[in-house]
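>>> Any chance you can model this:
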Amino acid sequence: MDRRKKMDAKKYMVCLEGDDATGYSAYAPDLPGCVAAGETKEECLKLMAEALWLHLESMKKDGDPIPEPGTQVVYVEPTPIEAFA
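Predicted structure coming up:
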């Protein structure tokens with residue numbers, strides 16, 4: 001099997017943190033322990049894509065169920081608490 005072959009059409013949400021001064025880190029909330037870090041955003045995302053593949057391959061080899069992507073991103077505007085407004 002070609003190791004570069006896409007596992008399937010699933011896409012997992014990835015949280016990317018950091019900046020150009022300190023570097024970047026990423027993690028996948030639906031796959032605990034699946035993380036990556038890099039000096040640039042591009043490097044971090046490339047490494048994260050590889051980490052996702054390796055993580056899922058390891059889960060398959062161990063016979064673990066593969067979780068469906070389920071994390072949702074919602075932006076919430078801060079609202080003052082009436083007692084403090």
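>>> Make sure E17 is actually in contact with G23.
No. Under the criterion of CB atoms under 8 Å, E17 makes no contact with G23, lying 9.8 Å away. (Glycine included, C-beta is placed from N, CA and C.)
>>> what's the closest non-adjacent residue to G18?
Using CB to CB, 6 or more residues apart in numbering and skipping residues adjacent in sequence, the residue nearest G18 is Y24, 3.8 Å away.
>>> Tell me which of E17 and G23 has more neighbours.
When E17 and G23 are compared for neighbours, G23 comes out ahead with 15 against 12, by other CB atoms under 10 Å.
>>> ok, the more buried one - contacts?
A37, G38, E39, T40, C44 (CB atoms under 8 Å, 6 or more residues apart in numbering).
>>> the strands in the protein, which residues?
Taking DSSP state E, the strands of the chain run over residues 15-19, 23-27, 35-38.
>>> Tell me where the protein has helices.
41-62 (DSSP state H).
>>> Write the ChimeraX selection for whichever of the contacts of G23 are buried.
Buried residues among the contacts of G23 (16 or more other CB atoms under 10 Å), as a ChimeraX selection:
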select :37,38,44
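>>> The contacts of G23: which two are farthest apart?
Across the contacts of G23, the longest distance by CB to CB is 10.8 Å; it joins A37 and T40.
>>> Find the residues that touch each one of the two.
Shared contacts of A37 and T40 (CB under 8 Å, 6+ apart): G23, Y24.
>>> So for K61, which of the strands of the chain sits nearest?
Minimum separation from K61 across the strands of the chain (CB to CB) falls at strand 35-38, 19.5 Å.
>>> Great, nothing more from me.
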